[in-house]
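1. Sequence and predicted model, in that order:
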Number of protein chains: 2
Amino acid sequence: MTTTIDIGFLIYPGVTQLDATGPAQILSRVPGARIHMAWKDTKPVDTDAGFSINPTISLDDCPDLDVICVPGGVGQLPLMGDQDVLAFLKRQGERANYVTSVCSGALLLGAAGLLRGYKSGCHWAFREMLPTFGAIPVAERIVKDRNRISGGGVTAGIDFGLALAAELADEDTAKEIQLFVEYDPVPPFDSGTPEKAGPELEAKVRATFTGANGG
Amino acid sequence: MTTTIDIGFLIYPGVTQLDATGPAQILSRVPGARIHMAWKDTKPVDTDAGFSINPTISLDDCPDLDVICVPGGVGQLPLMGDQDVLAFLKRQGERANYVTSVCSGALLLGAAGLLRGYKSGCHWAFREMLPTFGAIPVAERIVKDRNRISGGGVTAGIDFGLALAAELADEDTAKEIQLFVEYDPVPPFDSGTPEKAGPELEAKVRATFTGANGG
């Protein structure tokens, strides 16, 4: 018999979809995992990438989660003061075994009061906002502090997912999933951080966050 | 004025969703890109990871694509002899500027007759099937042969997406996208290929492909 592990992602209009779909791919292969995509209702949710995904459950109907995960995206900005969303995160975050985020999703966790005194990762462009919520920013792809686990920007969700898979199951299971998803990365370019990309590209990416495509 | 670039993913029930959502995240940020998720109808498509995504368009209504991309997944097996799907791929593949695949999606491109005499990448567990379709298997994460570009298994779609972004726009644009998605991977484990994972984990992953979770 395998114990069910309820893993829920908060999705919302304008979510950076890979922040959720990357770790969901990894975590869906943890034995017993049940993936939930939760939002206010179960109508299609428009992502940032030109297509929509469907919530599997509403916030009200969502069972107690073993893992709550908040992905990033500019769509979270209107949620920073949304009492329904913040109450959902608080309720789940207070009982979940793991309270997690990917990318700028850490800010919404912070707004829900769940990161006070905790170290957290975040997308590089938003990391400096973490202290606003009492969190301690860490410039790493996977940050663990007690039961808070967070990933850096977007693709860090895959590294994060594998680390979390090892926590939920064991290292061998995580390695088996890594082999399944053939995660032996060989990026064709080397500009994945501001330091590597240089100030010109950094300024260009920062400028996009004032538009509609932010992450 | 920016030229529109129509980039279409064939999605289908049982698709390994990260094969499509990974490159879609990258490619959606190429200037002018319009992402299409195409299937027989526009009802929700169940993925392999516990949630569904919505086609943006039906195969019949899909415009002529500049890029056609076929993601992998066990759900493609029933499609290998599906005349509607094969006709769609042939029609699009004969005019597209780039004919592409991620993971085991190469097999379906092959079944549509689009890889005869071409080198192709593929998920490691399915690579040896490529010669059945006249294709030449290459054990790399990104494989380019004339206008055929293919990625290896699942997460290789991100590397593939960046390489394709550089083709569609230029290297600086691809690097800017890499910085946006913070793609500076630091996998927590090192078992992303059969050689690195060893025979025991390889056998375990191979065994899952006889079940319902294949990639």
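-> Done, it's in. On a predicted model such as this, the values are computed, not experimentally measured, just so you know.

2. Report whether stretch A:119-138 contacts chain B.
-> Yes. Applying C-beta under 8 Å from any C-beta of the partner chain, one finds stretch A:119-138 in contact with chain B at A:123-124. The C-beta positions use only the backbone N, C-alpha and C, and glycine is treated the same way.

3. Which residues does that stretch contact?
-> Surrounding stretch A:119-138, the residues in contact under the criterion C-beta atoms under 8 Å, 6 or more residues apart in numbering or on different chains are A:72, A:101, A:103-104, A:106-107, A:109-111, A:113, A:115-118, A:139-143, A:145, A:148, A:150-154, A:156, A:160, A:193-194, A:205-206, A:209, A:215, B:182.

4. what about it, how long is it end to end?
-> End-to-end distance of stretch A:119-138: 6 Å, with C-alpha to C-alpha, to the nearest Å as the criterion.

5. sorry, back to before: which of the contacts of stretch A:119-138 fall within strands?
-> Using DSSP state E, A:101, A:142-143, A:145, A:148, A:150-151 are the members of the contacts of stretch A:119-138 that sit in strands.

6. restrict those to those near chain B?
-> Within these, those near chain B by C-beta under 8 Å from any C-beta are residue A:142.

7. Just confirm residue A:150 contacts residue A:108, I think it does.
-> No. Residue A:150 lies out of contact with residue A:108 (C-beta atoms under 8 Å); the separation is 11.6 Å.

8. Give me the common contacts of these two.
-> Shared contacts of residue A:150 and residue A:108, counting by C-beta under 8 Å, 6+ apart, come down to residue A:101.

9. neighbour count winner among these two?
-> Taking other C-beta atoms under 10 Å in any protein chain shown, residue A:150 and residue A:108 do not tie; residue A:150 has more neighbours (32 against 26).

10. dump the residue contacts of that one.
-> So residue A:150 contacts A:100-102, A:106, A:109, A:120-122, A:142-143, A:160 (C-beta under 8 Å, 6+ apart).

11. Measure how buried the residue lying closest to it once chain neighbours are set aside is and give me the count.
-> Excluding its sequence neighbours, the residue lying closest to residue A:150 (C-beta to C-beta, 6 or more residues apart in numbering or on different chains) is residue A:121, at 4.1 Å. By other C-beta under 10 Å, the residues close to residue A:121 number 30.

12. So which residue is smack in the middle of chain A?
-> residue A:102 (2.5 Å; C-alpha atoms, centre = their mean).

13. Contacts only, for that residue.
-> Applying C-beta under 8 Å, 6+ apart, the residues near residue A:102 are A:19-20, A:22-23, A:69-72, A:150-151, A:154, A:156-157, A:160.

14. quick one on the thing from earlier: next one: the residue nearest to residue A:150 from residue A:158, what distance?
-> 13 Å (C-beta to C-beta, to the nearest Å).

15. circling back: return a ChimeraX selection command for the buried portion of the contacts of stretch A:119-138.
-> Of those, the buried ones go into a single ChimeraX selection, burial set by 16 or more other C-beta atoms under 10 Å in any protein chain shown:
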select /A:72,101,103,104,106,107,109,110,111,115,118,141,142,143,145,148,150,151,152,153,154,156,160,193,194,205,209,215 /B:182
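
16. among the contacts of stretch A:119-138, which are in helices?
-> Within those, residues falling in helices by DSSP state H are A:106-107, A:109-111, A:156, A:160, A:194, A:205-206.

17. Using JSON lines, please lay out the contacts of residue A:102 together with pLDDT and distance to residue B:39.
-> Output for those, formatted as JSON lines (pLDDT from 0 to 100; distance: C-beta to C-beta, whole Å):
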{"residue": "A:19", "pLDDT": "98", "distance to residue B:39": "24"}
{"residue": "A:20", "pLDDT": "98", "distance to residue B:39": "21"}
{"residue": "A:22", "pLDDT": "98", "distance to residue B:39": "22"}
{"residue": "A:23", "pLDDT": "98", "distance to residue B:39": "25"}
{"residue": "A:69", "pLDDT": "98", "distance to residue B:39": "27"}
{"residue": "A:70", "pLDDT": "98", "distance to residue B:39": "29"}
{"residue": "A:71", "pLDDT": "98", "distance to residue B:39": "24"}
{"residue": "A:72", "pLDDT": "98", "distance to residue B:39": "28"}
{"residue": "A:150", "pLDDT": "98", "distance to residue B:39": "34"}
{"residue": "A:151", "pLDDT": "98", "distance to residue B:39": "30"}
{"residue": "A:154", "pLDDT": "97", "distance to residue B:39": "26"}
{"residue": "A:156", "pLDDT": "98", "distance to residue B:39": "30"}
{"residue": "A:157", "pLDDT": "98", "distance to residue B:39": "25"}
{"residue": "A:160", "pLDDT": "98", "distance to residue B:39": "30"}
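
18. nearest to chain B, of those residues?
-> Taking C-beta to the nearest C-beta as the measure, chain B lies nearest residue A:154 of these, at 3.9 Å.

19. So in terms of bridging, what pairs with the nearest residue to residue A:160 once chain neighbours are set aside?
-> What sits nearest to residue A:160 in space, not counting adjacent residues and going by C-beta to C-beta, 6+ apart, is residue A:151, at 3.1 Å. Under DSSP bridges, the beta-bridge partners of residue A:151 are residue A:102, residue A:142.

20. In contact with residue A:151, which residues are there?
-> A:23, A:100-103, A:121, A:141-143, A:157, A:159-161.

21. Now with 6 Å, please.
-> A:102, A:121, A:157, A:160 (C-beta atoms under 6 Å, 6 or more residues apart in numbering or on different chains).

22. of all these, which two lie farthest apart?
-> Greatest spacing in the contacts of residue A:151, by C-beta to C-beta: A:121 and A:157 (10.4 Å).

23. State the distance from residue A:209 to chain B.
-> 9 Å (C-beta to the nearest C-beta, to the nearest Å).

24. Give me the spatial nearest neighbour of that residue, chain neighbours excluded.
-> Residue A:209 sits nearest to residue A:125 (C-beta to C-beta, 6+ apart), 6.0 Å away.

25. Mind telling me what element that neighbour is part of?
-> For residue A:125, there is no host helix or strand (DSSP states H and E).

26. And residue A:84, by the same measure?
-> Here residue A:84 is assigned to helix A:83-95, by DSSP H and E.

27. And the closest residue to residue A:81 other than its chain neighbours, how far from residue B:83?
-> Spatial nearest neighbour of residue A:81, chain neighbours left out: residue A:111 (7.7 Å); criterion: C-beta to C-beta, 6+ apart. Distance, residue A:111 to residue B:83, using C-beta to C-beta: 52 Å.
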